[in-house]
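**Q** Structure of the sequence below:
(one chain, ligands or ions: 2)
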Amino acid sequence: MNTEILKYPLGAIDTHLHSRISCDSEMGLQAACRQALKLGLKALVFTEHADFDPSDQGCGFYDDRKYDEELAEARVAMGRSLKIYKGVEVTYQPQRRRQILDFIHQYQFDFTIGSVHMVGSKDISRPELAKKHYGSAEEEQAYGEYFQEVEKLIDSRLFDCLGHLDLCKRYGHLHYGPLVYKKYEKSYKKILKHLIQAGMMLEINTSGLRQQVKETFPPYPAVLEYLKMGGTNLTMGSDAHRVQDIGQDFAKILQDLPQLKKLKRK
Ligand SMILES: [Zn+2]
Ligand SMILES: [Zn+2]
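**A** Ligands and ions are numbered 1, 2, ... in the order given. Just a heads-up that it's a prediction; the model follows:
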């Protein structure tokens, strides 16, 4: 990881967004940068998708040369007014650990996010596929399996940051109702403890606030638990795929959780 990224206070940098280098976004890099400037952000970390499952629409889409070209152009256009970092969001699958390791080593990333979008062969990040999966499984089983995959991701030691810790609820809540934190407290605590031990960053992903689930990934009680455990390695990511979503709700989170303003990263 480029440790420069750690020097920005929370709210001054968005460490999760997707430009047209990702298969599911059409946002231009420079348009994103202009919006960041408008919002008063100091830096952006683009985290383009890298997917390796052949069933995934993003598989094979990552184009490093094009990415580097676009980053270089954006850096020239922004000059010193905005720092731009090259990141990636990898869909982690334990069975593809070697392939992912080679991929990460092949390119020069400032920041790597590991995300669970698939549980085994089941894609829980796309509404139709998630609907099918959750429709045929009990909540405890489905969420339990998801959290186990997150544990494996941390154990892989491949990434700087964990993406959207409890993405399972994004479409899961449509079947099971709200994810009750207390019910899964043990799983959250175990994951947070492992994150700290592994020296990995916890992301507060704000995309949930603009989706039906209406809470961050992970929710506030988990963030507070992380702080209680002594965790300091936090970041905020909007997961924006559109200009208007960049940096979204960062101010709200700092207002709701004022203790984050005093956070000193170690
Ligand atoms: Zn993701
Ligand atoms: Zn993302």
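**Q** any idea how far Phe103 is from the residue of the stretch 101-250 of the chain found nearest ligand 2?
**A** Relative to ligand 2, the nearest point of the stretch 101-250 of the chain is Asp239 (4.4 Å; C-beta to the ion). Any C-beta I mention is one placed from the backbone N, CA and C, and that applies to glycine too. The spacing between Asp239 and Phe103, counted by C-beta to C-beta, to the nearest Å, is 21 Å.
**Q** what sits against the residue nearest to Phe61 when sequence neighbours are not counted?
**A** Using C-beta to C-beta, 6 or more residues apart in numbering and skipping residues adjacent in sequence, the residue nearest Phe61 is Cys23, 4.2 Å away. Contacts for Cys23 (C-beta atoms under 8 Å, 6 or more residues apart in numbering) come out as 49, 51, 57-58, 61.
**Q** make it 6 Å
**A** Cys23 is in contact with 57-58, 61, counting by C-beta atoms under 6 Å, 6 or more residues apart in numbering.
**Q** Please say which of Asp239 and Phe103 ends up with more neighbours.
**A** When Asp239 and Phe103 are compared on other C-beta atoms under 10 Å, the one with more neighbours turns out to be Asp239, at 27 against 19.
**Q** Can you classify the closest residue to the more buried one other than its chain neighbours by secondary structure?
**A** Excluding its sequence neighbours, the residue lying closest to Asp239 (C-beta to C-beta, 6+ apart) is Ser207, at 3.9 Å. Under DSSP: H, G, I helix; E, B strand; the rest coil, the three-state class of Ser207 is helix.
**Q** How many residues are close by the closest residue to ligand 2 within the stretch 51-200 of the chain?
**A** In the stretch 51-200 of the chain, the residue found nearest to ligand 2 is Glu89; the distance is 4.7 Å by C-beta to the ion. Using other C-beta under 10 Å, Glu89 has 28 other residues around it.
**Q** who does the helix or strand where it lies touch, helix- and strand-wise?
**A** In this structure, Glu89 sits in strand 83-91 according to DSSP states H and E. For strand 83-91, the elements it packs on are strand 43-50, helix 64-78, strand 111-115, judged by 3 or more C-beta pairs under 6 Å, 6 or more residues apart in numbering; DSSP states H and E.
**Q** CSV for those, including mean neighbour count, mean pLDDT and distance to Gln95?
**A** Formatted as CSV, those follow (neighbours: other C-beta atoms under 10 Å; pLDDT from 0 to 100; distance: least, C-beta to C-beta, whole Å):
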stretch, mean neighbour count, mean pLDDT, distance to Gln95
strand 43-50, 26, 98, 16
helix 64-78, 15, 98, 23
strand 111-115, 25, 98, 14
